[in-house]
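Undergrad: could you look at this predicted model? Sequence included:
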Amino acid sequence: DGGITQSPKYLFRKEGQNVTLSCEQNLNHDAMYWYRQDPGQGLRLIYYSQIVNDFQKGDIAEGYSVSREKKESFPLTVTSAQKNPTAFYLCASSTGIDFDSYNEQFFGPGTRLTVL
Amino acid sequence: GNSVTQMEGPVTLSEEAFLTINCTYTATGYPSLFWYVQYPGEGLQLLLKATKADDKGSNKGFEATYRKETTSFHLEKGSVQVSDSAVYFCALSVYNTNAGKSTFGDGTTLTVKP
């Protein structure tokens, strides 16, 4: 079955440590996205990538970094510079703007990060 | 720019009640419209979509009609169940613009009581 996987589901980190969240998709989608969701809040875009080896900052990129070395993978690193990293992180993908599509987004199950 | 405004929650209903969650939008261009649902502790799932004016999206008893004249895409269900308790997000995307990104509303939390 095609879909998006995120790992781990729960992640604990000590203050001052970097941590990397995994996101993999087998939908052959060009575009991938990372969102942050805080309790009772909506989605805020962290980074997005339209194509391999290219990515752009979203609305809240400070303290985060990404890479897009493969079409299937879009890992997110939460660095020690992120002052309040405890949140639920969602990865998504879509076919991208070069297709006759409507940019429906497909979401992974999420990773809940807690800073101790 | 693009924006989506959703009815504020939380919304609490009794089982078998009628549900309406309002959604209005502004967009540069001609958007496609979506409703996503998020169950507790999970990612979002597409519930339904509509890609042109007067289209009606439907799924699992939920419906929404793309109203260009009122720039709205209200979600409705005739008889809700406890299992419908979730957060509902309205969203739009404009083909080949805005780097393919979607614009999401803030979400509306629905609780259905038995």
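TA: Perfect, thanks for sending it. Numbers count the residues shown, from 1 in each chain, chains lettered A, B, ... in the order given.

Undergrad: what's the nearest residue to B:S83 if we skip its chain neighbours?
TA: Once flanking residues are discounted, B:S83 sits nearest to B:V112: 7.8 Å by CB to CB, 6 or more residues apart in numbering or on different chains. Where you see a C-beta, it was placed from the backbone N, CA and C, and this is true even at glycine.

Undergrad: wait, doesn't B:P40 sit right on B:A86?
TA: Yes: the criterion here is CB atoms under 8 Å, and B:P40 meets it with B:A86 at 7.4 Å.

Undergrad: tell me how many other residues crowd A:G63.
TA: As a burial measure, A:G63 scores 15 neighbours (other CB atoms under 10 Å in any protein chain shown).

Undergrad: the one 4 residues further on too?
TA: The number of residues packed near A:S67 is 15, by other CB under 10 Å.

Undergrad: separation between it and A:S73?
TA: Applying CB to CB, to the nearest Å, the value for A:S67 to A:S73 is 8 Å.

Undergrad: residues from chain B in reach of chain A?
TA: Chain B comes close to chain A at residues B:32, B:34, B:36, B:41-46, B:49, B:51, B:89, B:91, B:93, B:95-97, B:99-102, B:104-107, B:109, as judged by CB under 8 Å from any CB of the partner chain.

Undergrad: let's see that with 10 Å instead.
TA: B:4, B:6, B:9-10, B:31-34, B:36, B:38, B:41-46, B:49-52, B:87, B:89, B:91-107, B:109 (CB under 10 Å from any CB of the partner chain).

Undergrad: return the subset of those residues lying in strands.
TA: Per DSSP state E, strands hold the following members of the residues of chain B next to chain A: B:4, B:6, B:31-34, B:36, B:38, B:44-46, B:49-50, B:87, B:89, B:91-94, B:103-104, B:109.

Undergrad: and those residues, which are buried?
TA: Buried members of these, counted by 16 or more other CB atoms under 10 Å in any protein chain shown: B:4, B:6, B:31-34, B:36, B:38, B:44, B:46, B:49-50, B:87, B:89, B:91-94, B:103-104.

Undergrad: so who does residue 56 touch?
TA: As the question left the chain open, I've gone with chain A. Applying CB atoms under 10 Å, 6 or more residues apart in numbering or on different chains, we find A:Q56 in contact with A:45, A:47-50, A:66, B:99, B:101.

Undergrad: the intended chain is chain B.
TA: Shown in contact with B:K56 (CB under 10 Å, 6+ apart): B:48, B:50, B:63-66.
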